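Enquirer: Sequence first, then the predicted structure, then my questions.
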Amino acid sequence: MKYAIHDQVTLSQAPEGPLAAHLVSFADAISSQGYSAQSMKQQVRIAACFSRWLKKTGVSVQDICYDHATRYLRYRARHVQPYLGDRAALRHLIDFMRSEGVIPVEKTATRRAPPAEICAQAYAEYLRDAKALAATTVINYVPFIRDFLHHCFGDGRVNLSRLRAVDVVSFVQFHAPSLHLKRAKLMTTALRSFLRYARYRGDVTLDLAAAVPVVANWSMPSIPRAISAEQTRQLLASIDRQTSVGRRDYAILLLLARLGLRAGEVAFLELDDINWSAGQVSVRGKGGQRCELPLPADVGKAIAAYLRYGRPHSASRRVFLRAKAPITGFRGQSGVGSLVRNSLQRAGIDAPTMGAHQFRHGLATQMLSRGASLSEIGEVLGHHHPQTTKIYTSVDIKALRTLALPWPGGVR
């Protein structure tokens, strides 16, 4: 006799064991997350088999843990052909049961963090709460500070008042040669930030931030590499807008190209950030700053097409969702970066880079060539300091040539 769990899943016998009563809700959760019917069948069926095994081995609900899943998979491998997704399915099941309160969360032995880690996490909290810096900035800074503290204090007690300029210089001299130029600069920026934080706390009285060496940059690699307008047109034309994924990718690429948004700003864009009646989009920039930008007609049309005909049903408020289960928003800017890279490769475009930031640079150089002022460009890109925008004057070669005086006597 068949036993229906879901309209797409049936079992050959009635479910048994401590998890039997929860298989229907588990199937509903899988379905709502966008998993395929085949994946749902596989996950529910192994969940039913796992529940039956738990009953035979006498395991109660409150005792279920990941170790039981490992033991069951060993047992299962001796009796049936295992599937590649069996382990992930059982982990998904246990996570779901814990989120529903059916299975208690495992108690893990708490190990006291080393002093350097405690100090680094206090600094991270300061960056998030007091400075309101973006999560990506915190993630980039903290590992350098953790290494710096280990360099100075090892696993022992952290006493910031003992820091001296020689400690700062020796750390940079030791680590900078092994880092890419951009990483080395990021390290010194993080170090200056931390030392200012230590002085703010009163742990350090000297201005040790001034002792951080400057990383030399003779080759000027910081000049932006921008995708050309023609390459952008080719890329947009290559997107198949007849598919759901194509509508999403086209809207994302338009946001990058027309508004110069950062990858993270696109990834974390929410439905409430778009004011359709006013034709505006509210963007969360660096440091949590809000910036209101006009929504160009073609960009608004592309987003609307995705929302109406391409976006999967989801409780998420993110504008752009993953194409594969679980159907959620992008976890971070890397998802948008991967989308750009794959789109460029499919289109066969030899762009300056494979990242999303080149569209931002491309917009800035195009605006400059059309006569826009640096302040106007900075306003569109959300720059807080004019110095950040000034770098684009280094790449506008055509505009600079118009300022050159003719050589006396003409060209020989």
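Expert: It's in.
Enquirer: shaky segments in the stretch 251-400 of the chain?
Expert: Where the stretch 251-400 of the chain drops to pLDDT under 70, the residues are 286-288, 369, 371-380, 382-400.
Enquirer: Now with 50, please.
Expert: In the predicted model, the stretch 251-400 of the chain carries pLDDT under 50 at residues 398-400.
Enquirer: which residue ranges form the helices in it?
Expert: 263-267, 297-309, 333-347, 357-369, 374-381, 386-390, 397-401 (DSSP state H, counting those that start in this stretch).
Enquirer: what's Arg52 in contact with, if anything?
Expert: Residues in contact with Arg52 (CB atoms under 8 Å, 6 or more residues apart in numbering) are Pro15, Glu16, Gly17. C-betas here are computed from N, CA, C, even on glycine.
Enquirer: Out of the residues you listed, which is nearest to Val340?
Expert: The nearest member of those to Val340, counting by CB to CB, is Pro15 at 45.4 Å.
Enquirer: Pretty sure the closest one sits against Ala48.
Expert: Yes - the criterion here is CB atoms under 8 Å, and Pro15 meets it with Ala48 at 4.9 Å.
Enquirer: got any residues that touch both of the two?
Expert: Common contacts of Pro15 and Ala48 (CB under 8 Å, 6+ apart): Ile5, Leu23.
Enquirer: So for those two, which sits in the more crowded spot?
Expert: Using other CB atoms under 10 Å, the more surrounded residue of Pro15 and Ala48 is Ala48, with 24 against 20.
Enquirer: Which pLDDT value does the model give that one?
Expert: As predicted, Ala48 sits at a pLDDT of 91.
Enquirer: And for Asn140?
Expert: 90.
Enquirer: Which residues does the host helix or strand of it contact?
Expert: According to DSSP states H and E, Asn140 maps onto helix 135-153. Outside of helix 135-153, the residues within contact range by CB under 8 Å, 6+ apart are 115-117, 119-121, 123-124, 127-128, 158-159, 163, 167, 170-171, 174-175, 186-187, 189-191, 193-194, 264, 286-287, 332-333.
Enquirer: What of stretch 24-33?
Expert: 5-6, 8-9, 39-40, 43-44, 47, 92-93, 96-97, 100, 315, 325-328.
Enquirer: In this structure Pro104 contacts Gln62, no?
Expert: Yes - with contact defined as CB under 8 Å, Pro104 reaches Gln62; the gap is 5.8 Å.
Enquirer: Quick one: end-to-end distance for stretch 119-137.
Expert: 17 Å (CA to CA, to the nearest Å).
Enquirer: to the chain's geometric centre, what's the distance from it?
Expert: Mean-position distance between stretch 119-137 and its chain equals 17 Å (CA atoms, centre = their mean, to the nearest Å).
Enquirer: Could I get the buried residue list for it?
Expert: Neighbour counts over stretch 119-137 (16 or more other CB atoms under 10 Å) mark Cys119, Ala120, Tyr123, Ala124, Tyr126, Leu127, Leu133, Ala134, Thr137 as buried.
Enquirer: which SSE is the third one in?
Expert: Using DSSP H and E, Tyr123 sits in helix 115-129.
Enquirer: Quick check: Ala226 vs Leu368, distance?
Expert: 10 Å (CB to CB, to the nearest Å).
Enquirer: re earlier: same list, the buried residues of stretch 119-137, but as TSV with pLDDT please.
Expert: Output for those, formatted as TSV (pLDDT from 0 to 100):
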residue	pLDDT
Cys119	95
Ala120	94
Tyr123	95
Ala124	94
Tyr126	92
Leu127	93
Leu133	85
Ala134	81
Thr137	88
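Enquirer: quick one: which of those is nearest to Leu255?
Expert: Of the buried residues of stretch 119-137, the one sitting nearest to Leu255 (CB to CB) turns out to be Ala134, at 18.1 Å.
Enquirer: now the strands: where do they sit in the chain?
Expert: Taking DSSP state E as the test, the strands found in the chain are 3-6, 9-11, 274-275, 280-284, 290-294.
Enquirer: sorry, back to before: can I get the buried residues of stretch 119-137 in JSON lines with distance to Ala364?
Expert: Output for the buried residues of stretch 119-137, formatted as JSON lines (distance: CB to CB, whole Å):
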{"residue": "Cys119", "distance to Ala364": "39"}
{"residue": "Ala120", "distance to Ala364": "35"}
{"residue": "Tyr123", "distance to Ala364": "33"}
{"residue": "Ala124", "distance to Ala364": "32"}
{"residue": "Tyr126", "distance to Ala364": "32"}
{"residue": "Leu127", "distance to Ala364": "28"}
{"residue": "Leu133", "distance to Ala364": "23"}
{"residue": "Ala134", "distance to Ala364": "20"}
{"residue": "Thr137", "distance to Ala364": "21"}
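Enquirer: Can you say which two of those residues are spatially most distant?
Expert: Among the buried residues of stretch 119-137, the pair separated by the greatest distance (CB to CB) is Cys119 and Ala134, at 21.6 Å.
Enquirer: returning to that earlier point: of Ala226 and Leu368, which one has the most company?
Expert: Higher neighbour count among Ala226 and Leu368: Ala226, with 23 against 20, using other CB under 10 Å.
Enquirer: returning to what we had before: mind checking which of the contacts of helix 135-153 are buried?
Expert: The neighbour-count test (16+ other CB under 10 Å) marks 115-117, 119-120, 123-124, 127, 158, 163, 171, 175, 186-187, 189-191, 193-194, 264, 286, 333 as buried among the contacts of helix 135-153.
Enquirer: just the helices in the stretch 51-200 of the chain please.
Expert: For the stretch 51-200 of the chain, the helices defined by DSSP H, counting those that start in this stretch cover 66-77, 86-99, 115-129, 135-153, 165-175, 181-201.
Enquirer: Dump the ones you listed to a markdown table, plus distance to Asp28.
Expert: Below are the helices of the stretch 51-200 of the chain laid out as a markdown table (distance: least, CB to CB, whole Å):
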| stretch | distance to Asp28 |
| --- | --- |
| helix 66-77 | 21 |
| helix 86-99 | 10 |
| helix 115-129 | 36 |
| helix 135-153 | 32 |
| helix 165-175 | 51 |
| helix 181-201 | 45 |
